[in-house]
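> Need a 3D model of the following:
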Amino acid sequence: MDRNKKNEPPIKEHLHKLDRTDRAILNEIQSHFPIKEKPYREVGERLGLREKEVILRIDRMVKGGIIRRIGANFNSRNLGFTSTLCAARVPMEKISGFVEKVNQYVGVTHNYEREGDYNIWFTFIAESQEVIDFSLQEIKRRTGVRDLISLPAEKIFKIQVDFEV
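Just a heads-up that it's a prediction; the model follows:
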């Protein structure tokens, strides 16, 4: 699961600790992370910073919970994969075990606890719908959670999202 609501402070509490340089780095790397041998040097050159300072600041933001991950986003459909959003109704006492088992599947990219009857939501990407269907049946069997639904997209409305920090 992302964010543990009880133990991790909301992002807003972290934002006051960021100075203007941290914010500039975050704004720069969201969608313009260089694919180069020395990416942090490139970011530093763009912002008038040394490579080492960029690395130290990013490391601090990772350790402080501001940056969760640095990685590429791919269009799974264009790569020949299919995906679905899943929702499960999981009894409170089974949430930890359910999430642990779901997260063992390579195709699970996000997993969230939410309020409501369907309290665990996750996305699943695989080579085919058949692989997803098989895996979801396996998850039901392994966890004992039977109320699990698959909500494949009918149409995708993808937008570029950058958060000005």
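
> Give me the below-cutoff pLDDT ranges for this protein.
Scanning the chain for pLDDT under 70 picks out the ranges 1-16, 158-162.

> Can you give me the separation between the most centrally placed residue in it and I125?
When Cα atoms, centre = their mean is applied to the chain, the residue found nearest the centroid is H110 (5.2 Å). Per Cβ to Cβ, to the nearest Å, H110 is found 10 Å from I125. To be clear about C-beta, it is placed using only N, CA and C from the backbone, and glycine gets the same treatment.

> for T109, same thing?
6 Å.

> out of these two, which sits in the more crowded spot?
More crowded of T109 and I125, by other Cβ atoms under 10 Å: I125, with 19 against 13.

> State the helix or strand in which that one lies.
Element membership for I125 (DSSP states H and E) is strand 120-126.

> ok, now F134?
Going by DSSP H and E, F134 is in helix 129-143.

> tilt between that helix and strand 120-126?
Angle between the axes of helix 129-143 and strand 120-126 is 140 degrees (criterion: axes from the mean of the first three to the mean of the last three Cα atoms, to 10 degrees).

> Which elements pack onto helix 129-143?
Helix 129-143 sits against strand 82-88, helix 95-102, strand 120-126, strand 148-151, with contacts defined as 3 or more Cβ pairs under 8 Å, 6 or more residues apart in numbering; DSSP states H and E.
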